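S.K.: A predicted structure for the sequence below; I have some questions about it.
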Amino acid sequence: MKLHKLASPLGSEILDIDLSRPIDDATFRQIDDAFSERSVLVFRDQVMTPAQHVEFSRRFGGLEIHVLKQYLLADFPEILLISNVVENGKPVGIADAGQQWHTDLSYVEIPSRCSILYAKQIPEPGPDKTYGDTCFVSTAAAYDALDPEMQKYLGTLKARHSYLKRPHVRAKLSEEQKKQVPEVIHPVIRTHPVTGRKCIYVNESFTTEIVGLGKEESDALILQLCEHCQSEQFMYRHKWRVGDVLMWDNCSTQHLAVADYGPEQARLMNRTTVRGTAVF
Ligand SMILES: [Fe+2]
């Protein structure tokens, strides 16, 4: 198994592996170690059935079943469709997933460990441009780049996260549904459960408040941390090809889906999500 680094702080491509075939324990350990160290892994040119996608994903932990049942793959509820494709007047998947910087499910008590996306259809690239890229940043590298005084201060803080932060999300939900997504509080600096690295755990989509600070100070600190994390030096931008399998770590990264393509450019991804452990 060969590894190729994609960007300096995060991301590795794993070459010479066919995910449709059984993976022995030693090889799996190498993949798992590379994942902990690099936070984003890419496997190109894969051809997997839904069952093989689920089987590979299960090696990393138990799988979550998304609440939006209408977007789950028939017979494989572990697979969520992310797509702008409309069939018979109905969207086949979630169309507007992740178009602001975020880390998945930071608004729940136990956020997922990682997601594993499999690209089935992507927008046709232009002569010098791809569409629907996904950007990732390393929140561990972003933490390491802070000065020690700031690291120490942030280590004492906690932040509130809410699914309802974004007005367009709030507008779609009934009062009853809003009650089902209560706010949660997490440390501003989170420790990676495997590597022990410290990671900035504040994101622009879901973090609403730094606990104990006045509104102005809290908003300014959230903005400062988000802008710091989003800096080019911590980033890897993935240009998709059909057959890509990409997984990311929800503790040590944030990501953003670039929405630069129209409804006439079909995009379809199959996603599995692996359960996480308590935040500390
Ligand atoms: Fe996401």
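M.R.: Looks like it arrived, so ask away. Since the structure is predicted, the reported quantities are computational estimates derived from the model, not experimental observations.
S.K.: show me what contacts the residue of the stretch 51-200 of the chain found nearest the ion?
M.R.: Nearest to the ion, among the residues of the stretch 51-200 of the chain, is Gly98, at 3.7 Å (CB to the ion). Bear in mind the C-beta positions are built from the backbone N, C-alpha and C, glycine included. By CB atoms under 8 Å, 6 or more residues apart in numbering, the contact set of Gly98 is 134, 255-257.
S.K.: Save those as a markdown table, and put in neighbour count too.
M.R.: What follows is the contacts of Gly98, written out as a markdown table (neighbours: other CB atoms under 10 Å):
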| residue | neighbour count |
| --- | --- |
| Thr134 | 20 |
| His255 | 22 |
| Leu256 | 20 |
| Ala257 | 19 |
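S.K.: The ion: which of these is nearest?
M.R.: Checking these one by one against the ion (CB to the ion), the nearest turns out to be His255, at 5.6 Å.
S.K.: In helices only, show me the contacts of Gly98.
M.R.: If you go by DSSP state H, those have nothing in helices.
S.K.: Adding pLDDT and distance to Glu217, write those residues out as CSV.
M.R.: Below are those laid out as CSV (pLDDT from 0 to 100; distance: CB to CB, whole Å):
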residue, pLDDT, distance to Glu217
Thr134, 97, 32
His255, 97, 27
Leu256, 96, 26
Ala257, 94, 31
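S.K.: so Tyr261 makes contact with Tyr131?
M.R.: Yes: in this structure Tyr261 lies within contact range of Tyr131 using CB atoms under 8 Å: 3.9 Å.
S.K.: Give me every residue in the stretch 1-150 of the chain lying close to the ion.
M.R.: Proximity of the stretch 1-150 of the chain to the ion, by CB under 5 Å from the ion, involves residues 98, 104.
S.K.: show me where the stretch 51-200 of the chain has helices.
M.R.: If DSSP state H, counting those that start in this stretch is used as the criterion, the helices of the stretch 51-200 of the chain fall at 139-144, 148-154, 167-172, 175-179.
S.K.: Ranking these by mean neighbour count, which comes first?
M.R.: helix 139-144 (a mean of 24; mean count of other CB atoms under 10 Å).
S.K.: Restricting to C-alpha, output that one in PDB.
M.R.: The C-alpha trace of helix 139-144 is given here as PDB (Å, rounded to 0.1, in the frame of the first residue of the first chain):
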ATOM      1  CA  THR A 139      -8.100  22.300  12.800                       C
ATOM      2  CA  ALA A 140      -5.100  20.500  14.500                       C
ATOM      3  CA  ALA A 141      -2.600  22.400  12.300                       C
ATOM      4  CA  ALA A 142      -4.600  25.600  13.000                       C
ATOM      5  CA  TYR A 143      -4.400  25.000  16.700                       C
ATOM      6  CA  ASP A 144      -0.600  24.300  16.500                       C
END
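S.K.: Not counting stretch 18-26 itself, show me its contacts.
M.R.: Residues contacting stretch 18-26 (CB under 8 Å, 6+ apart): 17, 31, 43, 46-49, 52-53, 56, 59, 245.
S.K.: Throw those residues into TSV and include pLDDT, thanks.
M.R.: Below are the contacts of stretch 18-26 laid out as TSV (pLDDT from 0 to 100):
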residue	pLDDT
Ile17	96
Ile31	97
Phe43	98
Gln46	98
Val47	98
Met48	97
Thr49	98
Gln52	98
His53	98
Phe56	97
Arg59	97
Val245	98
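S.K.: from those, which ones fall inside strands?
M.R.: Taking DSSP state E, the ones among the contacts of stretch 18-26 that sit in strands are 43, 245.
S.K.: Which two of the contacts of stretch 18-26 have the greatest separation?
M.R.: Farthest-apart pair in the contacts of stretch 18-26 is Ile31 and Thr49; separation 19.3 Å (CB to CB).
S.K.: So which of these two has more stuff around it?
M.R.: Taking other CB atoms under 10 Å, Ile31 and Thr49 do not tie; Ile31 has more neighbours (22 against 10).
S.K.: Relative to Arg59, how far out is the more buried one?
M.R.: 8 Å (CB to CB, to the nearest Å).
S.K.: okay, and for the stretch 1-150 of the chain, where does confidence drop off?
M.R.: Along the stretch 1-150 of the chain, segments meeting pLDDT under 70 are nowhere present.
S.K.: can you give me the strands for it?
M.R.: Using DSSP state E, counting those that start in this stretch, the strands assigned to the stretch 1-150 of the chain run over residues 2-5, 12-15, 40-43, 72-73, 76-83, 86-87, 90-91, 114-121, 134-138.
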